[in-house]
Each structure stands twice: as C-alpha cells, then as structure tokens.
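S.K.: Show me the folded form of this:
(2 chains)
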Amino acid sequence: AQSVAQPEDQVNVAEGNPLTVKCTYSVSGNPYLFWYVQYPNRGLQFLLKYITGDNLVKGSYGFEAEFNKSQTSFHLKKPSALVSDSALYFCAVRVSTGGGNKLTFGTGTQLKVEL
Amino acid sequence: NAGVTQTPKFRVLKTGQSMTLLCAQDMNHEYMYWYRQDPGMGLRLIHYSVGEGTTAKGEVPDGYNVSRLKKQNFLLGLESAAPSQTSVYFCASQRGAFYEQYFGPGTRLTVT
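M.R.: Numbers count the residues shown, from 1 in each chain, chains lettered A, B, ... in the order given. Take a look at the predicted model:
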C-alpha cells in the first residue's frame, strides 16, 4: 500500500527566509508525487508535480520540490517566504500502476510565515 | 470555465436523515473523486469514478453511495447520516493519468 508522511504538523518561518515543508513516501512502484495548498475555507489548489525526468520540479508561486529516490522524499521549498504563503500544504502520491489514478494524501503541514 | 462546483456549501442534518451532494465539472474530465477532510487526517478517498457510468470504492466508502450518470456530474449520497459523517467533503476531477486533480470549494456537513 502506498503512504505519505508529513512529519511536521506546523512550520514557522520569518518572511524573506527560505522555507522547507517535508514529505516522505512509501510505494511499491514508481511514484507520481504532488503538492497542493489549501487556504482557509477553500478547496485544494495544485502547486507542482513530479512524474518523471528532472528531479527538481518548479511550480506555482515560486515553489519548487526535489524528488529524492534514495531517501524517498519530495520536500517542498521556496527561497524567500511571503506572509501570503501561510496556508495548509498537502503532499500526495500515486503509484504508476493500478486503476483509478488514486492519490494518497499526507496529513498536511500548516505553514505560518511571520513578519 | 467554472471548474469544479459543489452544491450545497453548508448543510446540517439530523442523525438518520439522508442527503445528496452534487459535484459538477465543466472541463470534460474523465476521472472524478469524492474525499472527506477531517482534522489531523488529511484527505481520505470515499469513492471515485473513471468514467461515465462507472464507480468504485475508495478508502472509506461505508455509509456512502455514488452515481455518475453524466460525465460532468458525480453525486455523493448519505442514506442515513451519522455524527461520524460530520466532515468537509471535497470533490475533484482529473483529465487523465498524468494530470493533477482539480478540487471544488467543499461542502461542510454537520450531523447532529
């Protein structure tokens, strides 16, 4: 069975500092990995994905993530955080085989960016 | 394009009542999904559909039924609501295997 772990319930960072939101995964096939962001009382919005190819993936709003197969990780990063980045972030994984394109989500990490 | 829309946005039910949540998408996506979101548990898949007329069970299907009679619509039904079904429900649609899912704004359901 596939699973995703987000080890930090909350990450606090000062505006202008780099941020990292951690994600590790466990799958039995090739993983497809996604990051989503959720603002209060809203649905999830897609940030970026890794399917294949370059391990460094760039996405929306200046976010990027690095796929590390040996460490089974897909950490989300941004060089300079903004207060407006404060939100709930979800990592998700889908295996490359099997039907339904089902995603398994992590439990989410609350990012708080302070002035 | 409206994207993914959900009706209603809020609902309060009494234990034992029934209701149907409607999800509609105007992107001609093949795949559609129903999730529930509970604090500290992330999103859990209830049911999904890989095309018009097809449905399948997800991770937490008990107490829910679904139908996809039209490609653009995916209905989630609760036949006899229970307090454990108090949650925020999200619908999502997806174009195909390598694409991201698009989410609706959610339905906040309270069962008393």
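S.K.: Okay, now the unreliable bits of chain A?
M.R.: A:95-100 (pLDDT under 70).
S.K.: Not counting its neighbours along the chain, what's nearest the residue of it found nearest chain B?
M.R.: Here chain A gets closest to chain B at one residue, A:Gly43, 3.7 Å apart by C-beta to the nearest C-beta. For glycine as for every other residue, the C-beta is placed from the backbone atoms N, C-alpha and C. The spatially closest residue to A:Gly43, leaving aside those adjacent along the chain, is B:Phe103, at 3.7 Å (C-beta to C-beta, 6 or more residues apart in numbering or on different chains).
S.K.: my guess is the residue of chain A closest to chain B contacts B:Gly106, does it?
M.R.: Yes. Between A:Gly43 and B:Gly106 there is a contact under C-beta atoms under 8 Å: 5.5 Å.
S.K.: Common neighbours of the two, please.
M.R.: Here A:Gly43 and B:Gly106 share the contacting residues B:Phe90, scored by C-beta atoms under 8 Å, 6 or more residues apart in numbering or on different chains.
S.K.: For chain A, which residues are neighbours of chain B?
M.R.: Within reach of chain B by C-beta under 8 Å from any C-beta of the partner chain, chain A has these residues: A:9, A:32, A:34, A:36, A:41-46, A:49, A:51, A:90, A:99-103, A:105-108.
S.K.: one more time with 7 Å
M.R.: Contacts of chain A with chain B, taken as C-beta under 7 Å from any C-beta of the partner chain, map to A:34, A:42-44, A:46, A:49, A:51, A:90, A:99-103, A:105-108.
S.K.: Of those residues, just the buried ones, ChimeraX syntax please.
M.R.: Filtering the residues of chain A next to chain B down to the buried ones (16 or more other C-beta atoms under 10 Å in any protein chain shown) takes a single ChimeraX command:
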select /A:34,43,44,46,49,51,90,100,101,102,103,105,106,107,108
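S.K.: Contacts only, for B:Thr110.
M.R.: Residues in contact with B:Thr110, defined by C-beta atoms under 7 Å, 6 or more residues apart in numbering or on different chains, are B:Val12, B:Thr86.
S.K.: mind checking how far it is from B:Asn65?
M.R.: 20 Å (C-beta to C-beta, to the nearest Å).
S.K.: neighbouring contacts of stretch B:86-96?
M.R.: Contacts to stretch B:86-96, defined as C-beta under 7 Å, 6+ apart, come from residues A:43, A:101, B:4, B:6, B:21, B:23, B:25, B:27, B:29-38, B:43, B:74, B:76, B:101-104, B:106-111.
S.K.: cutoff 6 Å now
M.R.: Outside stretch B:86-96, the residues that touch it by C-beta atoms under 6 Å, 6 or more residues apart in numbering or on different chains are A:43, B:4, B:6, B:21, B:23, B:25, B:29, B:31-38, B:101-104, B:106-108, B:110-111.
S.K.: Which helix or which strand is home to the nearest residue to A:Gly16 once chain neighbours are set aside?
M.R.: Excluding the flanking residues, the one nearest A:Gly16 by C-beta to C-beta, 6+ apart is A:Ser80, at 5.5 Å. Using DSSP states H and E, A:Ser80 sits within no helix or strand.
S.K.: check contacts around B:Leu22.
M.R.: Contacts of B:Leu22 by C-beta under 6 Å, 6+ apart are B:Thr7, B:Leu75.
S.K.: I'd say A:Gln10 and A:Thr107 touch.
M.R.: No. Counting by C-beta atoms under 6 Å, A:Gln10 sits too far from A:Thr107 to count as a contact (11.6 Å).
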